[in-house]
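> Sequence plus predicted model, see below.
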Amino acid sequence: LPILKAKHFVEGGTVAAGDLLFELEDDTYRNQADQARAALAVSEAQDKLAVQTYERQKVLTERNVQSQANLDTASANLDAAAAQVEVSRAQLDAANLNLSYTRIKAPISGRIGRSEVSIGALIGPQSGPLATLVQTDPIYVSFPVPQAKMLEVEKRHGSPDDAIIKLILSDGSEYPLDGKIAFADIQATASTDSVV
């Protein structure tokens, strides 16, 4: 498992999509990418040699200097060399992908919370979230609305989609921006007779 090498954000601060958040030790993955790059170079050289050999065998066969079997062997070797180049390219792509995972970037813009791991910690699938990132634009608010109120909104506006929503914060102040209904569930909750 890689070790957390660096953290590049201020806890509680804002980050933009694509910002580097964490770096993991990448020596092993960089080494694997270097090996895959070298293996691809070897495969490409072998492919070049197979092309040259095939071309020579083709000329010799056309002149009836050698048997068709030699040309067939050169043709098969050419196909195998071309396939090995594709295998080597795929291995290099996989190694580069693994290397890219050592640089963890913000998938969205928003505010980031406390780092759940310390520098020097081993990081893997069982590590859990490294930090929580919350999108702040747009903001989604979920709240229950009594069915009677929803019916009243539909009668007044024709559709809940046309209603302008005001958000009252816990201190009693009004959030400065208007909202709209993005989604209303198709069923009411039986215990509260409300729609979320």
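In hand now; what should we look at? A quick note: this is a predicted structure, and the numbers were derived from the prediction, not measured.

> pLDDT weak spots in this structure?
Across the chain, the ranges flagged by pLDDT under 70 are 160, 185-188, 190-196.

> where along it do the helices fall?
Using DSSP state H, the helices of the chain run over 27-62, 68-100, 147-157.

> How far off centre is the longest one?
Centroid separation for helix 27-62 versus its chain: 31 Å, with C-alpha atoms, centre = their mean, to the nearest Å.

> What about the residue nearest to Tyr140 when sequence neighbours are not counted, how many residues nearby?
Using C-beta to C-beta, 6 or more residues apart in numbering and skipping the chain neighbours, the partner closest in space to Tyr140 is Ala182 (6.8 Å). For every residue, glycine as well, the C-beta is placed using N, CA and C. The tally of other residues near Ala182 (other C-beta atoms under 10 Å) stands at 12.

> Go ahead and confirm Ala182 touches Ile139.
No: at 10.8 Å, Ala182 does not count as touching Ile139 under the criterion of C-beta atoms under 8 Å.

> burial of Ala74, as a residue count?
By other C-beta under 10 Å, neighbour count at Ala74 equals 21.

> And the residue nearest to Tyr140, how close does it get to Thr189?
According to C-beta to C-beta, to the nearest Å, Ala182 and Thr189 sit 19 Å apart.
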